[in-house]
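Trainee: pasting the sequence and the predicted model now:
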Amino acid sequence: MNSIHDMGGMHGFGPIEVEKNEPVFHADWESRVYALVRVWYPWARYKSWGSFRHNLEKIPPSDYLEMSYYERWFHVHEQKALETGIVTRTELETSQANLDNVVPDLERHPDSWRGSRRLDEELPLKFCKGQEVRAKNLNGFAHNRLPRYVRGKVGTIFSINGVYALQDTNEKGEQPYEQLENVYTVKFSSSELWGANGNVKDFVYIDAWESYLDFE
């Protein structure tokens, strides 16, 4: 992603305030949003729902920064519920269900859907542990999981983590790909990432799909 939604390594937002004894939810409505997402996820009208993260990235930057964590979650599912006909705009505005509104059938993920878990699969490895690699400079408006601050930077394969389905999302169809790839943990020195602002003793470890990496 190339937007405010990828905030890792960005400056100008002040320190991260750690809340002592922070509760899981700060308000009851947050727990309801979490439950809503968990209930919808297995169904989610897969053919038209698209990637949750890609839909988060569609939130305008100014709105994204003003929203809390669960406000963003709710916004995404509110918009998708409207788009897919699960609720109508009038129902949302009046907080009353229209019993004449025919809710479309929800569609399960197909049996071929691999999800985001580690898979019981083996693929030939392109890279080996200890090998230097360069993160590709991926751009565009489609969704990927490669942090912006490591693009074009050189790191070292720290571990090999198994096979996962690539979670990138097509710009137009917004479908998670079914491509299976090895996933690696790559170790980057902070001086490689941020030059003089880094420290040779500090390192960042990121997980990357094989297609995100190239030979150095």
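Mentor: Received the coordinates, thanks.

Trainee: for the rest of this, base every contact and every neighbour count on C-alpha atoms.
Mentor: Noted.

Trainee: what is the mean pLDDT for the longest strand along the chain?
Mentor: Looking across the chain with DSSP state E, the single longest strand is strand 154-165. Average pLDDT, strand 154-165: 96.

Trainee: can you name the next helix or strand after it?
Mentor: Next along the chain after strand 154-165, taking DSSP states H and E as the criterion, comes strand 180-189.

Trainee: check the offset of that following strand from the chain's centre.
Mentor: With Cα atoms, centre = their mean, to the nearest Å as the basis, strand 180-189 stands 16 Å off its chain's centre.

Trainee: list the contacts of it.
Mentor: 123, 125, 153-166, 198-211 (Cα atoms under 8 Å, 6 or more residues apart in numbering).

Trainee: any buried residues in the lengthiest helix in the chain, and which?
Mentor: In the chain, assigned by DSSP state H, the helix with the most residues is helix 69-84. For helix 69-84, burial by neighbour count (16 or more other Cα atoms under 10 Å) applies to 70, 72, 73, 74, 75, 76, 77, 80, 81, 84.

Trainee: where along the chain do the helices fall?
Mentor: Counting by DSSP H, the helices of the chain are 28-40, 46-49, 52-56, 61-66, 69-84, 89-94, 190-194.

Trainee: go through these and name the closest to residue 141.
Mentor: Comparing the helices of the chain by their distance to residue 141 (Cα to Cα), the top pick is helix 52-56, with 9.2 Å.

Trainee: which helices and strands sit right next to that closest one?
Mentor: In this structure, helix 52-56 packs against helix 69-84, with contacts taken as 3 or more Cα pairs under 8 Å, 6 or more residues apart in numbering; DSSP states H and E.

Trainee: tilt between the helix it packs on and helix 28-40?
Mentor: If you take axes from the mean of the first three to the mean of the last three Cα atoms, to 10 degrees, helix 69-84 sits at 50 degrees to helix 28-40.

Trainee: and helix 69-84, how far out from the chain's middle?
Mentor: Counting by Cα atoms, centre = their mean, helix 69-84 is centred 15 Å from the centre of its parent chain.

Trainee: kindly export it (C-alpha atoms) in CSV.
Mentor: Below are the C-alpha coordinates for helix 69-84, written out as CSV (Å, rounded to 0.1, in the frame of the first residue of the first chain):
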residue,chain,number,x,y,z
TYR,A,69,-9.4,1.4,15.6
TYR,A,70,-12.9,0.0,15.8
GLU,A,71,-14.5,2.9,14.1
ARG,A,72,-12.5,1.9,11.0
TRP,A,73,-13.7,-1.7,11.4
PHE,A,74,-17.3,-0.6,11.6
HIS,A,75,-17.0,1.8,8.7
VAL,A,76,-15.7,-0.9,6.4
HIS,A,77,-18.5,-3.4,7.3
GLU,A,78,-21.2,-0.7,7.1
GLN,A,79,-20.1,0.2,3.6
LYS,A,80,-19.9,-3.4,2.5
ALA,A,81,-23.3,-4.2,4.0
LEU,A,82,-24.8,-1.3,2.0
GLU,A,83,-23.0,-2.4,-1.2
THR,A,84,-24.1,-6.0,-1.0
